[in-house]
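S.K.: My questions are about this predicted structure, shown below with the sequence.
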Amino acid sequence: MLAKLIHPFRKFVNDSRAIGITLLACTAISLIVANCGFWSDGYVDGWSAGFNGSAEHHLHIGFLSLPNSPLLVINDALMALFFFLAGMEIKRELVCGELASIKKSLLPVFGAVGGMLVPALFFALFNKGTTLINGWAIPTATDIAFTLGIASLLGKRVPVALKIFLTALAIIDDLGAIIVIAFFYGGQLQAGYLLICLLAVGLLWLLNYRKVPFGWMHWILGILLWYAMFNSGIHATVAGVVFALMVPIQQLERLELKFHLPVYFIVMPLFALANTAIRLPENSLHTLSGSLSWGIITGLCIGKPLGICAACYLLVRKKWAVLPSSTNWYQLLGGCMLAGIGFTMSIFIATLAFDDNNVQDIAKISVLIASLLAMVAGYVWLFNSPPSPASGKP
């Protein structure tokens with residue numbers, strides 16, 4: 001009986017589309033609850049309510065300084081696990097995957113760079129000279145779960161090589177977003193805590209150098225690294241990536257498998273629920289017609305595919321790279337449209353870029369609209385794409 005109940009669940013979570021479906025469902029539920037019924041105020045305010053009754057970022061318990069609300073626990077602590085998983089994926093791809101050789105990595109690397117620079121430029125054109133310019137990185141991100149989930153819905157209409165290209169591109173995109181968060185969206189640096197970060201990394205390196213099996217000592221140092229990073233002025237989630245880079249190569253696959261389900265089916269749904277608990281403004285159309293919304297929507301829906309395709313076109317034209325096998329330019333453009341699905345990382349950056357909750361909400365709603373448009377546009381484009389092998393020439 002129990003096996004019959006578990007089997008459908010196991011089948012669902014192993015489906016490549018499951019993550020996207022789960023996040024969409026959580027987003028829809030959160031928006032509905034936040035805008036309907038007498039419980040909406042408690043639901044929205046409850047995520048950001050301080051544990052000690054104050055609006056301070058840090059909760060002080062003795063000598064410890066920790067996140068002070070459910071939202072901060074999710075965004076600063078639990079999301080470190082998401083970045084830990086992303087960091088392991090980046091390391092694996094760099095060591096033995098699609099990014100392991102220069103020839104293989106050129107197209108997705110240049111594509112990812114173009115796909116970050118052009119959307120940032122679009123955003124800057126709409127918001128230059130205003131305080132909103134701090135959100136320039138919001139439309140630069142690609143959500144790997146949604147992008148590959150939509151690609152999977154299209155079956156054989158999306159060549160396997162194109163899916164691999166999109167995976168590599170999204171991983172590099174994540175790395176770029178992590179670098180941006182570390183350098184542009186931190187607070188005032190605290191030298192003492194930075195030294196503790198360096199000490200933790202040094203000890204992790206020493207454990208690996210001495211070939212100590214990955215175990216409890218590594219995890220204690222990982223927690224210390226997160227705590228010091230949280231208080232250092234660099235965003236705490238960066239600790240997840242740094243810790244991932246310290247994982248021995250032979251342990252990567254085991255830990256990726258171990259963290260996949262809890263990260264994508266516990267951490268990410270919680271992230272979606274907490275960060276899309278948004279009260280829709282009464283004059284939504286007017287609010288969303290401002291420069292912030294236009295910068296995000298055009299950046300993701302136009303800037304992303306334009307930047308990726310332009311970079312790929314240049315490389316192929318110069319004969320420095322070739323298109324993914326069995327992929328034509330029409331299909332590549334469709335894949336680049338799907339890369340405009342920002343969702344997770346774009347919403348996350350929006351929470352870091354602005355202190356004003358109203359501005360954050362406008363940015364988040366704009367990300368949701370842009371991601372939905374990118375999903376539909378990419379799906380329709382690829383559904384109607386002519387299946388033909390890539391020639392490698394534009």
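M.R.: All right, it came through fine.
S.K.: other SSEs contacting the helix or strand harbouring C197?
M.R.: In this structure, C197 sits in helix 191-209 according to DSSP states H and E. Contacts defined by 3 or more C-beta pairs under 8 Å, 6 or more residues apart in numbering; DSSP states H and E place helix 191-209 against helix 216-230, helix 238-245. (C-beta placed from N, C-alpha, C; glycine too.)
S.K.: starting at the chain centroid, how far to the longest one?
M.R.: Averaging C-alpha coordinates over helix 216-230 and over its chain gives two centres that are 22 Å apart (C-alpha atoms, centre = their mean, to the nearest Å).
S.K.: quick check: angle from the helix holding C197 to helix 238-245?
M.R.: Using axes from the mean of the first three to the mean of the last three C-alpha atoms, to 10 degrees, the inter-axis angle of helix 191-209 relative to helix 238-245 is 20 degrees.
S.K.: any idea of the angle helix 191-209 forms with helix 216-230?
M.R.: Interaxial angle, helix 191-209 versus helix 216-230 (the same axes, to 10 degrees): 160 degrees.
S.K.: list the buried ones in helix 191-209?
M.R.: For helix 191-209, the neighbour count (16 or more other C-beta atoms under 10 Å) marks 193-194, 196-197, 200-201, 203-204, 207-208 as buried.
S.K.: got the contact list for that helix?
M.R.: Contacts of helix 191-209 with the rest of the structure, by C-beta atoms under 8 Å, 6 or more residues apart in numbering, involve 217-218, 221-222, 224-225, 228-229, 231-234, 239, 242-243, 246, 248.
S.K.: cool, stretch 226-241 as well?
M.R.: 58, 64-67, 75-77, 79-87, 90, 178, 181-182, 185-190, 193-194, 196-197, 200, 222, 225, 242-243, 352.
S.K.: Confidence-wise, which helix or strand of this structure is lowest on average?
M.R.: One helix or strand of the chain scores below all others by mean pLDDT, DSSP states H and E: helix 2-13, with a mean of 51.
S.K.: Quick check: which element contains the residue nearest the centre of the chain?
M.R.: For the chain, M345 is the residue whose C-alpha lies nearest the centre (C-alpha atoms, centre = their mean; 3.2 Å). Assigned by DSSP H and E, M345 belongs to helix 343-353.
S.K.: so the residue nearest to the centre of the chain makes contact with D143?
M.R.: Yes: assessed by C-beta atoms under 8 Å, M345 is found in contact with D143 at 6.4 Å.
S.K.: and I347, what is it in contact with?
M.R.: 275-276, 364, 367.
S.K.: Actually, G62.
M.R.: Taking C-beta under 8 Å, 6+ apart, we find G62 in contact with no residue.
S.K.: Backbone torsions only: list them for it.
M.R.: phi 60, psi -130 (degrees, to the nearest 10).
S.K.: sec struct for V322, please.
M.R.: Judged by DSSP: H, G, I helix; E, B strand; the rest coil, the three-state class of V322 is coil.
S.K.: can you pull out the helices in the stretch 251-394 of the chain?
M.R.: Assigned by DSSP state H, counting those that start in this stretch, the stretch 251-394 of the chain shows helices spanning 252-262, 268-275, 284-287, 291-298, 304-317, 329-338, 343-353, 357-383.
S.K.: what's the least confident stretch among those?
M.R.: Note on the helices of the stretch 251-394 of the chain: helix 284-287 shows the lowest mean pLDDT, a mean of 66.
S.K.: Show me the domain layout of this protein.
M.R.: 106-186+281-394, 187-234 (automatic domain parsing).
S.K.: what's the span of the shortest one, first residue to last?
M.R.: Translated: domain 187-234. End-to-end distance of domain 187-234 (C-alpha to C-alpha, to the nearest Å): 6 Å.
S.K.: which of the residues in the strand or helix carrying D173 are buried?
M.R.: In this assignment (DSSP H and E), D173 forms part of helix 160-184. Within helix 160-184, the residues that count as buried by 16+ other C-beta under 10 Å are 162-178, 180-182.
S.K.: now the angle from it to helix 216-230?
M.R.: With the same axes, to 10 degrees defining the directions, helix 160-184 sits at 60 degrees from helix 216-230.
S.K.: so what secondary structure elements neighbour helix 160-184?
M.R.: Applying 3+ C-beta pairs under 8 Å, 6+ apart, one finds that helix 160-184 makes contact with helix 79-96, helix 102-127, helix 144-153, helix 238-245, helix 329-338, helix 343-353.
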